[in-house]
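**Q** Please work out how this folds:
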Amino acid sequence: GRAVSHGRTGVPSDHGRRRVHRGPVHGRVPGPHLRGERILRVGRDVRPDAHRGRAAVNAFKGRGGHPKTKRCPVLQGGGGRSLPGRIEPNMETIRRYNYRAYPTRGQREALSRLFGACRYAWNWYLDQRKVAWWLHLPIPSYAELSRRFTEFKKEPENKWLWMVSSGPMAQALRHAETAYSRAYARKAGYPHYKSRHCGEQAATFTRSDRCHIRHERNSRWMFLRLPKIDGEIKLRWSRDLPSRPSSVTVMLHADGTYEASLVAKADPKAPPKPRHDACGIDMGLESLASIVYSDGTREKVAPLKALRKAGRRLRKLNKELSRRKRGSNNYSKTRQAKARLYARIGAQRKDLACKLASRVAGENQAVAMETLCVKGLMRTRMGKSVADAAWSMFTDRVDVLCAQWGRKAIHIDRWCPSSQVCSQCGRKDGPKPLNVREWECPRCGAFLDRDWNAALNILDAAGLAESLNARGGDVRRRLASAGRNAIAREAGTHRTAMPH
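**A** Numbering: from 1, shown residues only. Predicted coordinates:
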């Protein structure tokens, strides 16, 4: 269960001292002893192998295009980067398996004490780092602060810290060190203090903490035994674990539900058989994704708008919560009802993103997508709709599945004018207002749909289509055309549909 921190995976190394963080796998990728394997980090991104060369690493970090990525000569600013990560059929992957937990009343009290001790360890680590910075002293290392914390627990007034397992507190110190490393690498902000009123509470156990999982055949329940917690915690069984877990994280969500997250090694499944060579995807708000396939078919995926649909219920709960007395039982009930509604909205977004990403990555050998600045778009007047669309969740999932199944995911340049260029003749006529959904090209006279035209340009900019030779083709014109007569059933066009 050793791990080393890598650049963009969420656990970067401390570049100032060039130290390697040793510890169990918790949101981390394997270290030098597994450098020969190609590892998938489920949930965020995929790291290229060390043996794939510097060009692949630079392409992944956004320092340049992939060596095999083509640029469209018409789309100025086109081109892009592809994710070179690939998993061989016989390679193991590290996956996370989540199970709903149902602890008893006594176990909930023990977990509450455990969460409090982990928060205390985290806040203590931040205090030590801040005091050293204020006094202009050398920043203590993780090993030094871990030794100090062990001595700190031996003081008489801190005997309550011995009532819980020491493993999760050690992991809290490691996570605090990781947070500072990310802040120094300018990949995240500086860590903040944690409180019991925070929505999410978590405690991580490693394999050395001697956690035990038990599941009887044909049983609907799994049983988890944790150190210094009486009895076994019931877990709702949904699928078998492929191997012994390397870490167990117990989480308490804002809606009052408990969840156990287990990290284990698994053999990758056989990838689905692709139906298309490539596809270009244009993300939007009126249609969540406009997809153009290389074989002459196209489709639009309707947006979910989960937050908009729950807006009336949210306004009612907010009004009800404002009239409750803070700290009362009714206030707590209303707050949990609001948290449950937000959890439902998040689950709906995740369900649509995962299903659509699975279908797109499974049916295509290569996927071309645009690089969106979601953080910047969130600051505009469309921020609520952009957040409701969950673009980043979809694109990240596509990247992960493409690397897992050996497909190619290409992100074109952020400044590629996909909505300004005619996909038929290549004429660039400048930006257009968002209310212009259909327009006619002044040069070739093609009546174009904004979304499908952009998706076709994205396919060209990624180097997955012959843009110059195919211009003027009948199939290409039908793919980008707009209007009621542009359904083009002879080209195999799908109507707007939700993924099943």
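
**Q** Which elements pack onto the helix or strand encompassing Ala278?
**A** Assigned by DSSP states H and E, Ala278 belongs to strand 276-283. Applying 3 or more Cβ pairs under 8 Å, 6 or more residues apart in numbering; DSSP states H and E, one finds that strand 276-283 contacts strand 289-293, helix 329-363, strand 364-369, helix 391-405, helix 450-461. (Each C-beta comes from the backbone N, C-alpha and C, glycine too.)

**Q** what sits up against that strand?
**A** Strand 276-283 has contacts (Cβ atoms under 8 Å, 6 or more residues apart in numbering) with 289-295, 297, 360, 363-370, 372, 389, 391, 394-395, 418, 451-452, 454-460, 462, 464-465.

**Q** Could you give the number of residues near Pro433?
**A** 6 (other Cβ atoms under 10 Å).

**Q** just for this structure, where's the confidence low?
**A** Scanning the chain for pLDDT under 70 picks out 1-91, 465-500.

**Q** Let me see the ranges of the helices in this protein.
**A** 54-60, 105-134, 142-153, 166-184, 306-309, 311-322, 329-363, 374-377, 383-389, 391-405, 450-461, 467-470, 474-480 (DSSP state H).

**Q** Any idea how far the fifth one is from the middle of the chain?
**A** Averaged C-alpha coordinates place helix 306-309 at 21 Å from its chain's average position (Cα atoms, centre = their mean, to the nearest Å).

**Q** Against which helices or strands is it packed?
**A** Counting by 3+ Cβ pairs under 8 Å, 6+ apart, helix 306-309 packs on helix 329-363, helix 383-389.

**Q** picking up where we left off before, so which of the helices and strands packed on strand 276-283 is nearest Arg315?
**A** helix 329-363 (10.8 Å; Cβ to Cβ).

**Q** and that closest one, what does it pack onto?
**A** Against helix 329-363 (3+ Cβ pairs under 8 Å, 6+ apart) you get strand 276-283, strand 289-293, helix 306-309, helix 311-322, helix 391-405.

**Q** Run the angle between that helix and strand 289-293 for me.
**A** 10 degrees (axes from the mean of the first three to the mean of the last three Cα atoms, to 10 degrees).

**Q** Report the inter-axis angle for helix 329-363 versus strand 276-283.
**A** Using the same axes, to 10 degrees: helix 329-363 against strand 276-283 is 140 degrees.

**Q** where's the residue lying farthest from the centre of the chain relative to Val301, distance?
**A** Distance from the centre of the chain peaks at Pro156, with 43.4 Å (Cα atoms, centre = their mean). Look at Pro156 and Val301: by Cβ to Cβ, to the nearest Å, they are 62 Å apart.

**Q** ranges for the strands of the stretch 151-300 of the chain?
**A** Under the criterion DSSP state E, counting those that start in this stretch, the stretch 151-300 of the chain contains strands at 201-206, 212-215, 221-225, 233-236, 247-252, 258-266, 276-283, 289-293, 298-301.

**Q** Which one of the ones you listed lies nearest to Arg335?
**A** strand 247-252 (14.1 Å).

**Q** so what does that closest one touch, helix or strand wise?
**A** Against strand 247-252 (3+ Cβ pairs under 8 Å, 6+ apart) you get helix 105-134, strand 201-206, strand 258-266.

**Q** packing partners for the last one?
**A** Using 3+ Cβ pairs under 8 Å, 6+ apart, the elements in contact with strand 258-266 are strand 93-102, strand 247-252.

**Q** buried stuff in that strand?
**A** Using 16 or more other Cβ atoms under 10 Å as the test for burial, strand 258-266 gives 258-265.

**Q** What of the first one?
**A** When burial is assessed from 16+ other Cβ under 10 Å, helix 105-134 yields the following buried residues: 107, 110-111, 114-126, 128-129.

**Q** before we move on, what about stretch 199-207?
**A** 201-207.

**Q** Ok, stretch 228-243 next?
**A** Those would be 229, 232-235, 237, 241, for stretch 228-243 by 16+ other Cβ under 10 Å.

**Q** now swap in stretch 418-435 and tell me
**A** 418-424, 426.

**Q** Reformat these as JSON lines; add distance to Ala339.
**A** Output for those, formatted as JSON lines (distance: Cβ to Cβ, whole Å):
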{"residue": "Ser418", "distance to Ala339": "39"}
{"residue": "Ser419", "distance to Ala339": "38"}
{"residue": "Gln420", "distance to Ala339": "43"}
{"residue": "Val421", "distance to Ala339": "45"}
{"residue": "Cys422", "distance to Ala339": "48"}
{"residue": "Ser423", "distance to Ala339": "46"}
{"residue": "Gln424", "distance to Ala339": "50"}
{"residue": "Gly426", "distance to Ala339": "51"}
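
**Q** Just name the closest of these to Ser322, please.
**A** Ser419 (42.1 Å).

**Q** Assess the claim that the closest one and Ala454 are in contact.
**A** Yes: the pair Ser419 / Ala454 is scored as a contact, 4.8 Å apart, by Cβ atoms under 8 Å.

**Q** What is the burial count for the closest residue to Phe152 other than its chain neighbours?
**A** The shortest distance from Phe152 to any non-neighbouring residue, by Cβ to Cβ, 6 or more residues apart in numbering, is to Asn158 (6.2 Å). Asn158 is flanked by 14 other residues according to other Cβ under 10 Å.

**Q** related to what we said a few turns ago, and the helices of the chain, which is most packed in?
**A** helix 450-461 (a mean of 28; mean count of other Cβ atoms under 10 Å).

**Q** export it as CSV, just CAs?
**A** This file holds the C-alpha atoms of helix 450-461, laid out as CSV (Å, rounded to 0.1, in the frame of the first residue of the first chain):
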residue,chain,number,x,y,z
ARG,A,450,-24.7,26.1,-34.5
ASP,A,451,-24.1,23.0,-32.4
TRP,A,452,-23.6,20.4,-35.1
ASN,A,453,-21.4,22.8,-37.1
ALA,A,454,-19.2,23.2,-34.0
ALA,A,455,-19.1,19.5,-33.4
LEU,A,456,-18.0,18.9,-37.0
ASN,A,457,-15.3,21.6,-36.6
ILE,A,458,-14.1,19.9,-33.4
LEU,A,459,-13.8,16.7,-35.3
ASP,A,460,-11.7,18.4,-37.9
ALA,A,461,-9.5,20.3,-35.4
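
**Q** What sits closest to Leu145 if chain neighbours are left out?
**A** Nearest non-adjacent residue to Leu145 (Cβ to Cβ, 6+ apart): Gln128, at 5.6 Å.

**Q** mind giving me JSON lines with the strands of the stretch 151-300 of the chain and columns for distance to Ala101?
**A** Formatted as JSON lines, those follow (distance: least, Cβ to Cβ, whole Å):
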{"stretch": "strand 201-206", "distance to Ala101": "12"}
{"stretch": "strand 212-215", "distance to Ala101": "12"}
{"stretch": "strand 221-225", "distance to Ala101": "7"}
{"stretch": "strand 233-236", "distance to Ala101": "5"}
{"stretch": "strand 247-252", "distance to Ala101": "7"}
{"stretch": "strand 258-266", "distance to Ala101": "4"}
{"stretch": "strand 276-283", "distance to Ala101": "35"}
{"stretch": "strand 289-293", "distance to Ala101": "35"}
{"stretch": "strand 298-301", "distance to Ala101": "34"}
